[in-house]
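*Asks:* Next input, structure requested:
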Amino acid sequence: MEFLDILPPQMRDPVLFAVPFFLFLLIIEWTAARKLEHLEDSADSTRPGSGAYLTRDSWASISMGLVSIFTMGAWKFLALLGYAAIYAYVAPWHLSAHQWYTWVIAVLGVDLLFYAYHRTAHRVRLIWATHQAHHSSRYFNFATALRQKWNNSGEILIWIPLPLLGIPPWMVFVSFSINLVYQFWVHTERIDKLWRPIEFVLNTPSHHRVHHGMDQEYLDKNYGGILIIWDRLFGTFQRERFRPHYGLTKPVETFNIWKLQTHEYAAIVSDVRAARGARQKLGYVFGPPGWAPTDRSSTDDRARVH
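*Replies:* As a prediction, the model looks like this:
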């Protein structure tokens, strides 16, 4: 970890190092949105224009991102203790940080495990409760990228195979930060589809717009972080056919960041209390978002709560 030692402690996390870059691009996009607003000719008055910003929505996103810096730091501290023990006492070998292939394993491993976690987060309601805040905005711009969750426990658990494979814990954190920083730029409507080979391999704004779409054709698609290859391999890829409608299909009409983060947990508690029997209770917690007992469900329950 010698090369990180030359940086002050508060700058050793690539996410913190990238904050000025985030703000610079956000300002550029916001300025472009304001300049181009009069050029937008949207026939759909029920949703924001392409690339639009709403001040209260953006401040909610930025505020959630600022809080997430501290909550993520707390989760990483707890993870560091566990990862260090796994790396020191359980891992059958230790990979050298000075070898290029260790970095390849770390970065690709984090990206694949991110795909697995992200897909699970959309299919298990308890984990969806931690993730849904990121999807709650009807706007899709660089500010939306900062609308991060505060509960990183699921990601902390999904990374366990990496220190178990002998990857130094600090490399796991750096690789995840690289993954997170990469995902910032894909949250925009100002970048159209890119060169086809890039679109085939990498996650791009076009692919991620689909992921944030609440349209039935776009639900539960394009989970990739850096690479879109995982979605192509595992059958969750969807190309962008039309401009998505963004947000949750059951909107949360508030800019209160606490409610945006916690309302789904409260809904789970309410459903569990009203449930009849253990099977229903477990279904409301671990079933997919929108799960309901057969006597209460309908054909579009899944779509209405994403």
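*Asks:* Would you map the helices across the stretch 151-300 of the chain?
*Replies:* 153-158, 161-164, 169-184, 196-201, 205-212, 229-234, 257-274, 277-286 (DSSP state H, counting those that start in this stretch).
*Asks:* thought D220 was touching T236?
*Replies:* Yes. Using CB atoms under 8 Å, D220 makes contact with T236 at a distance of 6.9 Å. For every residue, glycine as well, the C-beta is placed using N, CA and C.
*Asks:* what sits in contact with each of these two?
*Replies:* R119 (CB atoms under 8 Å, 6 or more residues apart in numbering).
*Asks:* and those two? which has more neighbours close in?
*Replies:* The residue with more neighbours, out of D220 and T236, is T236; 19 against 15, by other CB atoms under 10 Å.
*Asks:* can you redo the helices of the stretch 151-300 of the chain as TSV with mean pLDDT and mean neighbour count?
*Replies:* Shown next, in TSV, are the helices of the stretch 151-300 of the chain (pLDDT from 0 to 100; neighbours: other CB atoms under 10 Å):
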stretch	mean pLDDT	mean neighbour count
helix 153-158	90	18
helix 161-164	96	19
helix 169-184	90	20
helix 196-201	97	12
helix 205-212	98	21
helix 229-234	98	16
helix 257-274	95	15
helix 277-286	93	14
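*Asks:* Quick one, which of these gets closest to R243.
*Replies:* Smallest distance to R243 across the helices of the stretch 151-300 of the chain (CB to CB): 7.7 Å, for helix 205-212.
*Asks:* got the contact list for the closest one?
*Replies:* With CB under 8 Å, 6+ apart, helix 205-212 has contacts from 135, 140, 144, 183, 185-194, 199, 218, 221-224, 228, 231, 237-240, 243-244, 246-247.
*Asks:* try it again with 6 Å
*Replies:* Residues from elsewhere that reach helix 205-212, judged by CB atoms under 6 Å, 6 or more residues apart in numbering: 140, 186, 188, 191, 193, 218, 221-222, 228, 238, 240, 244, 246.
*Asks:* Now render these as a markdown table, adding neighbour count and distance to A266.
*Replies:* Shown next, in a markdown table, are these (neighbours: other CB atoms under 10 Å; distance: CB to CB, whole Å):
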| residue | neighbour count | distance to A266 |
| --- | --- | --- |
| F140 | 25 | 26 |
| V186 | 23 | 30 |
| T188 | 21 | 32 |
| I191 | 15 | 36 |
| K193 | 13 | 39 |
| Y218 | 21 | 27 |
| K221 | 18 | 28 |
| N222 | 26 | 29 |
| I228 | 25 | 34 |
| Q238 | 16 | 31 |
| E240 | 20 | 34 |
| P244 | 19 | 27 |
| Y246 | 22 | 23 |
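*Asks:* who wins for proximity to A52 among the helices of the stretch 151-300 of the chain?
*Replies:* Among the helices of the stretch 151-300 of the chain, helix 205-212 comes nearest to A52, with 13.8 Å by CB to CB.
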